[in-house]
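Asks: Attaching a predicted model along with its sequence, questions to come.
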Amino acid sequence: MRKKQLSFAVLAGFIVVSGGSGSAFARTPGAPLHPGFNMFSKQQDVQLGQEAAAQVRAKAVVVPNQFLQDYVNRIGQRLAAAPEARSSGFPFSFTVIADPSINAFALPGGPMFIHTGLLKAVDNEGELAGVMGHEMSHVILRHGTNQASKANLIQIPAMLAGAVGGHSMLGQLAQAGVGLGANSVLLKFSRTDETEADAMGSHLMSEAGYNPLEMAHFFEKLSASGGARGPQFLSDHPNPGNREQAIEAEIRTLPQRNYGSGTGEFGRMKQLLGQVSTSAPGSAFRGGNVAPNGQPTGGFKQIQSRNFTLDYPGNWQAYGSKDSDSVTIAPRDGLVQASNGSTQVGYGAIVSYFQNEGNNGDVNQSTDELIHHLHANNPSMEISRNRKQVAVGRYQGLITMLQSNSPYGDIESDALLTVATPQGLFYMIFIAPQNQFANLKGTFEQMIQSIRFTS
Ligand SMILES: [Zn+2]
């Protein structure tokens, strides 16, 4: 029997970072844009997106107002007629869902969902077309499945093989930890992705008769009004820096056009919007899960990975494949199944390596880079200045305390152990609800002391 392999790309808000720096390399304005590395075929993007869209439609409230649906569809079709969208061959669709948060999202292969909160927030049609053009560009450039391919290098090929023959691709992906939840790797983009989607979005807008600057204006408006946490849109689509200037530079490479030819229905859209219910369907992660009080019992067992050995509590389990260096160790109820099928770690430990580009063996600097990546994927994460040294085998390690939103609700404490090794930056994140962290400290310390690097 084939052993079921689990990996957890989506974890207590943490996304396991497996290589790649994601740093925003300067792109020359006007340079051609192409999809990056991807283990999915375009047809698989479409299949995955359609399965996921069915799930969204089942859970969300599709606004029962034909004018609003038609209005958004008309803008979408104008963008989809631009050469880069047309030549992608993806079947785009546009659906307004009742949700007061300022957001929109597009699934791989084309289905796009626009929140009523976004329709409320935009001040002109160009701003709406800007968000939609930006989302459409993520689809064309296949950023969602590119991210999933990078995050789950080991599991994706087996998953795709398993999805052949009519099995649900989304189900297979959920097993690999790539769900559709609040932190889904399919819907969270790197700064490089953002730069590309801004650039291509400006092309689509311009072709469709909208001033691309409206996209930049709207994003700036969002960040200015966001307060400490900011709207969900900006945590999924982080500002790559100098957004407005980059879009202006891109526009200068486009043929000159007169903009300003909207659908003429913006005012009526706003009017009707006041009449539809925009109650939220609720977060996928709300309620239901209770944190374990799982005190470790039953002595310790040992994991032998390719590059290290490590002891862990006998009543916990290790999930991961033997020939990889990523493993999740947790009591059974330390894994939280979100309603969308993705799995998060609310209580336990994640072990992996981080390959940073300019690896110079400096543990402080590499740890900063890792934290930067974790934070980009999880803006709720708070970093304390509290960092201390610890001996790990023959190396000197660092422990950095972090805080984040717990999948059980409330706050969790995360202790990040990092060790610079010749194989890359080894890291282990200990996770527990804040009010239980103190009880686990002894266990974590014992696990750290047991680590031996074997190569
Ligand atoms: Zn984006």
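Replies: Yep, that arrived.

Asks: Can you read off the pLDDT for residue 269?
Replies: On pLDDT, residue 269 comes in at 95.

Asks: My error: substitute residue 78 in the last question.
Replies: With respect to pLDDT, residue 78 scores 97.

Asks: got the CA coordinates for stretch 309-321 in CSV?
Replies: This file holds the C-alpha atoms of stretch 309-321, laid out as CSV (Å, rounded to 0.1, in the frame of the first residue of the first chain):
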residue,chain,number,x,y,z
THR,A,309,18.2,13.1,13.7
LEU,A,310,15.8,14.5,16.3
ASP,A,311,13.7,13.1,19.3
TYR,A,312,10.0,13.9,19.7
PRO,A,313,7.3,12.9,22.2
GLY,A,314,6.1,9.4,21.9
ASN,A,315,2.4,10.3,21.6
TRP,A,316,3.1,12.8,18.8
GLN,A,317,3.4,11.9,15.1
ALA,A,318,5.8,12.9,12.4
TYR,A,319,4.4,13.7,9.0
GLY,A,320,6.7,14.0,6.1
SER,A,321,8.6,11.8,3.7
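
Asks: Can you point out the buried residues in that stretch?
Replies: 310-313, 316-321 (16 or more other Cβ atoms under 10 Å). All C-beta spots, glycine's among them, are computed from the backbone N, C-alpha and C.

Asks: Mark which of those residues are part of strands, please.
Replies: Taking DSSP state E, the ones among the buried residues of stretch 309-321 that sit in strands are 310-313, 317-319.

Asks: State the number of residues packed around residue 391.
Replies: Number of residues near residue 391 (other Cβ atoms under 10 Å) recorded here: 11.

Asks: just checking, next helix/strand downstream of the helix or strand where it lies?
Replies: Using DSSP states H and E, residue 391 falls within strand 382-392. Next helix or strand after strand 382-392 toward the C-terminus (DSSP H and E): strand 395-405.

Asks: by how many degrees do the helix or strand just after that following strand and strand 395-405 diverge?
Replies: Moving toward the C-terminus from strand 395-405, the next helix or strand (DSSP H and E) is strand 411-421. Angle between the axes of strand 411-421 and strand 395-405 is 160 degrees (criterion: axes from the mean of the first three to the mean of the last three Cα atoms, to 10 degrees).

Asks: Which positions in strand 411-421 come out as buried?
Replies: Going by neighbour count (16+ other Cβ under 10 Å), the buried part of strand 411-421 is 412-421.

Asks: Equivalent analysis for stretch 125-132, please.
Replies: 125-132.

Asks: related to what we said a few turns ago, dump the ones in strands among the buried residues of stretch 309-321 to JSON lines, plus pLDDT.
Replies: Below are these laid out as JSON lines (pLDDT from 0 to 100):
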{"residue": "310", "pLDDT": "90"}
{"residue": "311", "pLDDT": "89"}
{"residue": "312", "pLDDT": "88"}
{"residue": "313", "pLDDT": "87"}
{"residue": "317", "pLDDT": "79"}
{"residue": "318", "pLDDT": "79"}
{"residue": "319", "pLDDT": "75"}
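
Asks: from those, which is closest to the ion?
Replies: The closest of these to the ion turns out to be residue 319 (Cβ to the ion; 30.8 Å).

Asks: Spit out the contact partners of the residue of the chain found nearest the ion.
Replies: Among the residues of the chain, residue 237 lies nearest to the ion; the distance is 3.3 Å by Cβ to the ion. Residues near residue 237 by Cβ atoms under 8 Å, 6 or more residues apart in numbering: 134, 189, 194, 197, 219.

Asks: Could you report the neighbour count for the nearest residue to residue 410 once chain neighbours are set aside?
Replies: Leaving aside its sequence neighbours, residue 410 sits nearest to residue 433 (Cβ to Cβ, 6 or more residues apart in numbering; 6.4 Å). By other Cβ under 10 Å, 20 other residues sit near residue 433.

Asks: ok, residue 433 to residue 446 distance?
Replies: Per Cβ to Cβ, to the nearest Å, residue 433 is found 20 Å from residue 446.

Asks: So which residues on the stretch 301-450 of the chain come close to the ion?
Replies: Near the ion, no residue belonging to the stretch 301-450 of the chain is found when assessed by Cβ under 5 Å from the ion.

Asks: how about low-confidence regions in the stretch 301-450 of the chain?
Replies: Residues of the stretch 301-450 of the chain that meet the criterion pLDDT under 70 lie in 320-324, 337-343, 357-359, 385.

Asks: Outline the domain layout of the chain.
Replies: Structural domains assigned to the chain are 32-273, 300-453, following automatic domain parsing.

Asks: Mind listing what's buried along stretch 75-95?
Replies: Buried residues in stretch 75-95, defined by neighbour count with 16+ other Cβ under 10 Å: 75-76, 78-80, 82, 84-85, 88, 90, 92-95.

Asks: Could I get the full set of strands for the stretch 151-300 of the chain?
Replies: Taking DSSP state E, counting those that start in this stretch, the strands of the stretch 151-300 of the chain run over residues 300-304.

Asks: Kindly report the residues of it close to the ion.
Replies: So the stretch 151-300 of the chain meets the ion at 189, 194, 197, 237 (Cβ under 5 Å from the ion).

Asks: mind putting those in CSV, pLDDT included?
Replies: Below are these laid out as CSV (pLDDT from 0 to 100):
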residue, pLDDT
189, 86
194, 94
197, 97
237, 87
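
Asks: Just give me the closest of these to residue 345.
Replies: Taking Cβ to Cβ as the measure, residue 345 sits nearest to residue 189 out of those, at 22.6 Å.

Asks: What distance do you get for that closest one to residue 335?
Replies: Distance, residue 189 to residue 335, using Cβ to Cβ: 26 Å.

Asks: And residue 325, by the same measure?
Replies: For residue 325, the distance to residue 335 - Cβ to Cβ - is 20 Å.

Asks: quick check, residue 44 in a strand?
Replies: No - per DSSP: H, G, I helix; E, B strand; the rest coil, residue 44 lies outside any strand segment and is helix.

Asks: show me what contacts the residue nearest to residue 410?
Replies: By Cβ under 8 Å, 6+ apart, the contact set of residue 433 is 291, 346-347, 406, 408, 410-413.

Asks: one more time with 7 Å
Replies: Shown in contact with residue 433 (Cβ atoms under 7 Å, 6 or more residues apart in numbering): 291, 406, 408, 410, 412.

Asks: all helices of the stretch 1-150 of the chain, in order?
Replies: In the stretch 1-150 of the chain, the helices defined using DSSP state H, counting those that start in this stretch lie at 42-59, 66-80, 83-88, 116-121, 125-140, 143-151.

Asks: thinking again about what came up before, quick check: the two most widely separated of the ones in strands among the buried residues of stretch 309-321?
Replies: Among these, 311 and 319 lie farthest apart (Cβ to Cβ), at 16.3 Å.
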